[in-house]
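> starting from these lines, generate the structure:
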Amino acid sequence: MLTGVRKRSPQHPFEDNPFHEDFAAWLDSPEGQLSRDVSDTVSELLERADLDARNRTILWEDGRACDIEGCIEHIHGLFPDFPPRLIETHVLAWLECGFVPKGFSEAQMDDFEKRVERWIHDYQRQHRRGA
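Predicted coordinates:
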């Protein structure tokens, strides 16, 4: 019989994890706070929007339809202190996983997701070229 030997409990993945510590520090930084503010604002604005993936437009509550760039410009116009690049990051994140159409069959959802992926890919390719 072993006495005085204790089995060590497994280490939590975030314990002594430099990435987690750095990320937590970034979240508490002014840049991290700004990113959270932009994320919250973009999410709140876009939760009332609709998406037409076939025509590559975001449909605003007021009836305005715009592409990704127009959406970024619209939000930046409302919140000029938000950097457009950060707005773009959160708009693209909403397109990728924030908007979920209701009532779609599995086949319709697959088609929708492919259209959105191509839209984002084309936008990013054009944007990198400066077009």
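> would you check that Arg115 makes contact with Asp52?
No - Arg115 lies out of contact with Asp52 (C-beta atoms under 8 Å); the separation is 9.5 Å. All C-beta atoms are positioned from the backbone trio N, CA, C, and that covers glycine.
> the two: which is more packed in?
Neighbours per residue, other C-beta atoms under 10 Å: of Arg115 and Asp52, the larger number sits with Arg115, 16 against 11.
> OK, contacts around Leu92?
Neighbour list for Leu92: 68, 120, 123-124 [criterion: C-beta atoms under 8 Å, 6 or more residues apart in numbering].
> which residues touch Ile87?
Ile87 makes contact with 38, 42, 72, 75-76, 79 under the criterion C-beta under 8 Å, 6+ apart.
> one step back: which ChimeraX command selects the buried ones in the contacts of Leu92?
To isolate the buried members of the contacts of Leu92 in ChimeraX, using 16 or more other C-beta atoms under 10 Å:
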select :68,120,123
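> CSV for the contacts of Leu92, including distance to Leu46 and pLDDT?
Formatted as CSV, the contacts of Leu92 follow (distance: C-beta to C-beta, whole Å; pLDDT from 0 to 100):
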residue, distance to Leu46, pLDDT
Ile68, 12, 96
Ile120, 15, 95
Tyr123, 16, 95
Gln124, 18, 94
